[in-house]
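**Q** Mind looking at a prediction? Sequence and model below.
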Amino acid sequence: MKNQQKSKNCGHAESIAIYPGSFDPVTNGHIDIVERGLRLFDRIIVCVMCNAAKTTLFSIQERIEMIEKSFEKFPNVEADTYDGLLVDYGARRKARAILRGMRAVSDFEYEFQMAMMNRRLNRNIQTVFLMTGFRWIFTSSSIIKEAARFGGNVSDMVPPVVLQKLNEKFGHPRPL
């Protein structure tokens, strides 16, 4: 129905943002970006982008499952995967924006280049940057995996499902 495509406020079409990344694994920093993004958008699609050049710990299906479990209390967050140009996926999903989180100035140059290329490819999809919450500024999936590999306590940096999967991958007993 047409009414289901309308946002609650002002009768406009639902505003959708794509939050792309490898999410290997999803972290509490990612969750923070999505929760704050939901203040700006009606729906967010957390999209696991396929990157053959990247070696990952978790399969695409495992990452999708962890994202779904991590966001299960948010009916307006969806997990998906895509292998191709992000703006093509965004256009197909009728997204208005690409949502990106930035931790530090060091993220800016790469993110700026990607935003400009995406804008050149499709001017109808805007890139929106959210600065990561101060609590998560040092957090990355890579750092979390490295700490977890050697038995470091990452329980306050990842959702419970991710902690469980990290412990399974690295053969650590469940923390008390």
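**A** That came through, no problem. Numbering: from 1, shown residues only.
**Q** mind listing the strands for the protein?
**A** Using DSSP state E, the strands of the chain run over 16-21, 43-49, 77-82, 97-102, 126-131.
**Q** so can I have JSON lines of these showing mean neighbour count and distance to Met114?
**A** Glycine gets a C-beta too; all of them are placed from N, C-alpha and C. Shown next, in JSON lines, are the strands of the chain (neighbours: other C-beta atoms under 10 Å; distance: least, C-beta to C-beta, whole Å):
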{"stretch": "strand 16-21", "mean neighbour count": "23", "distance to Met114": "9"}
{"stretch": "strand 43-49", "mean neighbour count": "23", "distance to Met114": "11"}
{"stretch": "strand 77-82", "mean neighbour count": "18", "distance to Met114": "15"}
{"stretch": "strand 97-102", "mean neighbour count": "22", "distance to Met114": "8"}
{"stretch": "strand 126-131", "mean neighbour count": "16", "distance to Met114": "8"}
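**Q** Turn these into TSV, including mean pLDDT and distance to Arg120.
**A** Below are the strands of the chain laid out as TSV (pLDDT from 0 to 100; distance: least, C-beta to C-beta, whole Å):
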stretch	mean pLDDT	distance to Arg120
strand 16-21	97	17
strand 43-49	98	19
strand 77-82	98	19
strand 97-102	96	13
strand 126-131	95	12
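**Q** Select, out of these, the one closest to Arg63.
**A** strand 43-49 (5.0 Å; C-beta to C-beta).
**Q** Off-centre distance for the closest one?
**A** Put simply, strand 43-49 sits 6 Å off its chain's centre (C-alpha atoms, centre = their mean, to the nearest Å).
**Q** Stretch 48-61 now?
**A** Worked out by C-alpha atoms, centre = their mean, stretch 48-61 lies 13 Å from the chain centre.
**Q** Repeat that for stretch 108-127.
**A** Distance of stretch 108-127 from its chain centroid, counting by C-alpha atoms, centre = their mean, is 17 Å.
**Q** Next, Lys94: phi, psi?
**A** phi 60, psi 40 (degrees, to the nearest 10).
**Q** So which bits of the helix or strand bottoming out on mean pLDDT in the chain are buried?
**A** Of the helices and strands making up the chain, the lowest-confidence element is helix 105-121, at a mean of 91, by mean pLDDT, DSSP states H and E. Of the residues in helix 105-121, Asp107, Ala115, Asn118 count as buried by neighbour count, 16 or more other C-beta atoms under 10 Å.
**Q** No more questions from me, cheers.
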